[in-house]
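Novice: Quick one, structure for this:
(one chain, ligands or ions: 1)
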Amino acid sequence: MAIRETWATRIGFILAAVGSAVGLGNIWRFPFLTAESGGAAFLVAYLFLVAVIGLPVILVEFVIGRESKQNVVDAFPEIGAPNWQFIGAIGALAGFVILSYYSVVGGWVIQYMVGSLTGGYAGNAEAFFGSAAEGTNAVAYDLLFMAIVAGIVSFGVRDGLERAAKVMIPSVVGLLVLLAAYGATLSGASEGYAYYLSPDMSTIVTDAIGLLPDAAGQAFFTLSLGMGVMITYASYLGEDRNMLRDSLLIVVVDTSIAILAGLAVFPFLFAQGVDPGTGGIGTTFVGLATAFASLPAGQVVGFVFFSMLLLASLTSAFSILEVIVSYAIDTFGVDRKPATLAIAAVIFLVGIPTAMSLDYLTLYDAIANQILLIGGGLLLAIFGGWFYASGASEELQKGMPGGETFTTVWIWVLRVPVVLVLAYVLYNGVLAVAGIVQGM
Ligand code: PHE
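Specialist: Numbers count the residues shown, from 1 in each chain. Got it, this is the predicted structure:
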């Protein structure tokens, strides 16, 4: 194996981690789930979970990665916990399922790039989504997206990707701000904000508890948590780095982009008179397409926006495929290029049903987020809180002088609230998936 380099600069690690975190999860999944789940109450549940569950678990991945200096497979034996190695296998499986439909949605993005130039969605946003989302078009663009990701992983061009992330993040933010500002001038804006931002205080607690399972799945998905991406990325991290500071930065950037995406989408939905509860998985794309169609120079702005969204989804998809491929390389001793091609091909085949029918996409999405990522997160919390607490505490304190109090609180948060909430969420996730299967 090649000698392990550490990240040359703090920004290299941050860019890779943020590149993985920021993607379709923020811009597609967050707004549609929020719309579907009744708006502000979902936002509250999500923010709570990001802070109370997401941050502690991301730190577990960071300490495992930095102490072991290994990928998901070899990390656990390296820190003296070979019995926990199966977490790596669950992570690889989660990545497998996620990428199989993530690439379908990535294919939609490419179709919207084309549609921006040709004016294909102007005036008929819902019909355009219908023909882009399911069927042979979806399969063809899914294949194109997978081919790009496989190319990036097999040639190992991580550097290029990091440089791309440097352009991508500010561009996405800039364009979302532009859309949000334009949306604010529309007549539906205040209704949109009310739905999105003002929770009903009298029922907020019960509403938010009911929404915990979906909100937790979203928190894990958007932070790329529960499958070892952050273990791998932190394995290149120097010991002098304050991982609490880094994780806060990642969480804040990722969450802000999701909130901004909501601010950009909701005014347009309400201005159009679209009932946000009914749009389902297509809500975000319909909202954005409507926005670009009405914007001055919307064809160009739309094209640039979807290009940046494509970049954002490529940096995320890259991190998923990279975890699976390095798992295969280290477990089975295969070579990178053939392994990448074979794995990408199988993932594409497994994903075909999700390109043919949104019902399958919903099912895969539920299995990945509500069961696999949450299950992985639960195991990481049990491991970090109960079995590896002193090693984890010691590791976190490197680069964080005076962090004893924080570390103690962190371990206890992992031990009790995180474990309880994730166990509850996992149980509900299993029920939800069973419900979806029965309804199919
Ligand atoms: N976080 C990515 C997004 O929001 C998706 C992802 C999930 C990436 C899990 C890696 C692991 O788009």
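Novice: now the helix or strand that contains residue 101, how far from the centre of its chain.
Specialist: Assessed by DSSP states H and E, residue 101 sits inside helix 86-118. Centroid displacement of helix 86-118 relative to its chain, using CA atoms, centre = their mean, to the nearest Å, is 10 Å.
Novice: same question, stretch 223-235
Specialist: Worked out by CA atoms, centre = their mean, stretch 223-235 lies 11 Å from the chain centre.
Novice: mean confidence for it?
Specialist: Per-region confidence: stretch 223-235 scores 92 on mean pLDDT.
Novice: change the start of the numbering to 235 and stick with it
Specialist: From this message on, residue numbering opens at 235, which makes the last subject stretch 457-469.
Novice: any bit of that stretch sitting next to the ligand?
Specialist: Yes. Using CB under 6 Å from any ligand atom, stretch 457-469 reaches the ligand at 458, 461, 463. For glycine as for every other residue, the C-beta is placed from the backbone atoms N, C-alpha and C.
Novice: For the first one, give me the backbone phi and psi.
Specialist: Backbone torsions of residue 458, given as degrees, to the nearest 10, read phi 60, psi 40.
Novice: Could you double-check that it lies in contact with residue 256?
Specialist: No. Residue 458 lies out of contact with residue 256 (CB atoms under 8 Å); the separation is 9.3 Å.
Novice: Can you give me the neighbour number for the residue in the stretch 385-534 of the chain that the ligand sits nearest to?
Specialist: Residue of the stretch 385-534 of the chain nearest the ligand, by CB to the nearest ligand atom: residue 458 (3.5 Å). By other CB atoms under 10 Å, the residues close to residue 458 number 30.
Novice: Spatially nearest residue to it (excluding sequence neighbours)?
Specialist: Nearest non-adjacent residue to residue 458, counting by CB to CB, 6 or more residues apart in numbering: residue 254, 4.5 Å away.
Novice: Contacts only, for the one you found.
Specialist: 458, 463-464, 467, 549-550, 552-553 (CB atoms under 8 Å, 6 or more residues apart in numbering).
Novice: Near the ligand, which residues of this protein are found?
Specialist: Going by CB under 6 Å from any ligand atom, the residues of the chain near the ligand are 254-255, 257-260, 332, 455-456, 458, 461, 463, 550, 553-554.
Novice: Sitting in strands, which of the residues you listed do you find?
Specialist: Assignment to strands by DSSP state E places none of those there.
Novice: what angle sits between the helix of greatest length in the chain and helix 320-352?
Specialist: As assigned by DSSP state H, the longest helix anywhere in the chain is helix 532-566. Interaxial angle, helix 532-566 versus helix 320-352 (axes from the mean of the first three to the mean of the last three CA atoms, to 10 degrees): 160 degrees.
Novice: for helix 532-566, which positions count as buried?
Specialist: 532-533, 535-564 (16 or more other CB atoms under 10 Å).
Novice: Over to stretch 374-391?
Specialist: 375-377, 379-380, 382-384, 386-388.
Novice: Name the residues of stretch 486-505 that are buried.
Specialist: So stretch 486-505, judged by 16+ other CB under 10 Å, has buried residues 487-489, 491-505.
Novice: send the alpha carbons of it over as PDB?
Specialist: Extracted in PDB, the C-alpha atoms of stretch 486-505 (Å, rounded to 0.1, in the frame of the first residue of the first chain):
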ATOM      1  CA  VAL A 486     -22.600  24.300  10.200                       C
ATOM      2  CA  VAL A 487     -21.700  24.500   6.500                       C
ATOM      3  CA  ASP A 488     -23.800  21.500   5.600                       C
ATOM      4  CA  THR A 489     -26.800  22.600   7.600                       C
ATOM      5  CA  SER A 490     -26.700  26.100   6.400                       C
ATOM      6  CA  ILE A 491     -26.700  24.900   2.800                       C
ATOM      7  CA  ALA A 492     -29.800  22.800   3.500                       C
ATOM      8  CA  ILE A 493     -31.600  25.600   5.200                       C
ATOM      9  CA  LEU A 494     -30.700  27.900   2.300                       C
ATOM     10  CA  ALA A 495     -32.000  25.300  -0.200                       C
ATOM     11  CA  GLY A 496     -35.400  25.400   1.700                       C
ATOM     12  CA  LEU A 497     -35.400  29.200   1.500                       C
ATOM     13  CA  ALA A 498     -34.900  29.000  -2.200                       C
ATOM     14  CA  VAL A 499     -37.500  26.400  -2.900                       C
ATOM     15  CA  PHE A 500     -40.500  27.200  -0.700                       C
ATOM     16  CA  PRO A 501     -41.400  30.600  -1.900                       C
ATOM     17  CA  PHE A 502     -41.600  29.300  -5.500                       C
ATOM     18  CA  LEU A 503     -43.800  26.300  -4.500                       C
ATOM     19  CA  PHE A 504     -46.300  28.600  -2.800                       C
ATOM     20  CA  ALA A 505     -46.200  31.200  -5.500                       C
END
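Novice: List the contacts of residue 346.
Specialist: Taking CB under 8 Å, 6+ apart as the test, what residue 346 contacts is 355, 366, 519, 522-523, 536, 540.
Novice: What subset of those residues is buried?
Specialist: By 16+ other CB under 10 Å, these give 355, 366, 519, 522-523, 536, 540 as buried.
Novice: Would you map the strands across the stretch 485-634 of the chain?
Specialist: Assigned by DSSP state E, counting those that start in this stretch, the strands in the stretch 485-634 of the chain number zero.
Novice: what's the closest non-adjacent residue to the residue of it found nearest the ligand?
Specialist: Across the stretch 485-634 of the chain, the shortest distance to the ligand (CB to the nearest ligand atom) belongs to residue 550, at 3.9 Å. The shortest distance from residue 550 to any non-neighbouring residue, by CB to CB, 6+ apart, is to residue 257 (3.2 Å).
Novice: Contacts only, for that neighbour.
Specialist: 546-547, 549-551.
Novice: run the last query once more with 7 Å
Specialist: Going by CB atoms under 7 Å, 6 or more residues apart in numbering, residue 257 touches 546-547, 549-550.
Novice: cool, residue 487 as well?
Specialist: residue 252.
Novice: Try it again at 10 Å.
Specialist: Neighbouring residues of residue 487 by CB atoms under 10 Å, 6 or more residues apart in numbering: 248, 251-252, 255-256, 260, 403, 407.
Novice: Would you show me how to pick out the buried ones of those in PyMOL?
Specialist: Buried residues among these (16+ other CB under 10 Å), as a PyMOL selection:
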select buried, resi 248+251+252+255+256+260+403+407
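Novice: Which of the contacts of residue 487 lies at the shortest distance from residue 635?
Specialist: residue 248 (20.7 Å; CB to CB).
Novice: The closest one and residue 484 touch, don't they?
Specialist: Yes. The pair formed by residue 248 and residue 484 meets the contact definition of CB atoms under 10 Å, at 6.8 Å.
Novice: Quick check: buried residues in stretch 344-359?
Specialist: Those would be 344-347, 349-350, 354-356, 359, for stretch 344-359 by 16+ other CB under 10 Å.
Novice: ok, these vs residue 370, which is closest?
Specialist: Taking the buried residues of stretch 344-359 together and measuring to residue 370 by CB to CB, the closest member is residue 345, at 11.9 Å.
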